[in-house]
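let's see this in three dimensions:
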Amino acid sequence: MVGRFLKVDFGNLDRVDPNLAATMVGELHLRYKEDFLKFMEEMEYGVFGLPREDLYLHVPGEKVRNG
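Next up, the predicted model:
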């Protein structure tokens, strides 16, 4: 089904049911996660020249509030 989605068998992306699109993107993410992460790394640091992060902040979920 993912192949058919990528070949636009279900119509252009702007006309595809959002639930179907979300399902297909989720499936692609599961199948190609490592390739996707390599692609994103190349785009961010290679193409766009963004600096690599040197600090990570961990905020516990109970400290995060909506709004």
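
tell me the buried residues in the helix of greatest length in the chain?
For the chain, the helix with the greatest residue count under DSSP state H is helix 18-31. Taking 16 or more other CB atoms under 10 Å as the neighbour-count basis, helix 18-31 is seen to contain the buried residues M24. In short, each C-beta sits where N, CA and C put it, glycine included.

which is the next helix or strand following it?
Secondary structure here is assigned by DSSP states H and E; on that basis, the next helix or strand after helix 18-31 toward the C-terminus is helix 33-41.

what's the burial count for the closest residue in space to E44 that isn't next to it in sequence?
Spatially, and ignoring its direct neighbours in sequence, E44 is nearest to L50 (4.8 Å; CB to CB, 6 or more residues apart in numbering). Applying the criterion other CB atoms under 10 Å, we find 10 residues in the vicinity of L50.

L50 contacts M40, doesn't it?
No: the pair L50 and M40 does not pass the contact test of CB atoms under 8 Å, sitting 10.7 Å apart.

got a list of what the residue most central in space within the chain touches?
In the chain, the C-alpha nearest the mean C-alpha coordinate belongs to H29, at 6.7 Å (CA atoms, centre = their mean). Taking CB atoms under 8 Å, 6 or more residues apart in numbering as the definition of contact, the neighbours of H29 are F36.

helices or strands up against the helix or strand bottoming out on mean pLDDT in the chain?
Per-element confidence for the chain was summarised using mean pLDDT, DSSP states H and E. The lowest value among helices and strands belongs to helix 2-6, with a mean of 77. If contacts are counted by 3 or more CB pairs under 8 Å, 6 or more residues apart in numbering; DSSP states H and E, helix 2-6 sits against helix 18-31.

give me the low-pLDDT residue ranges for this protein?
Of all residues in the chain, those with pLDDT under 70 make up the ranges 66-67.

ok, 80 please
The chain contains residues with pLDDT under 80 at 1-3, 5-7, 11-14, 29, 63-67.
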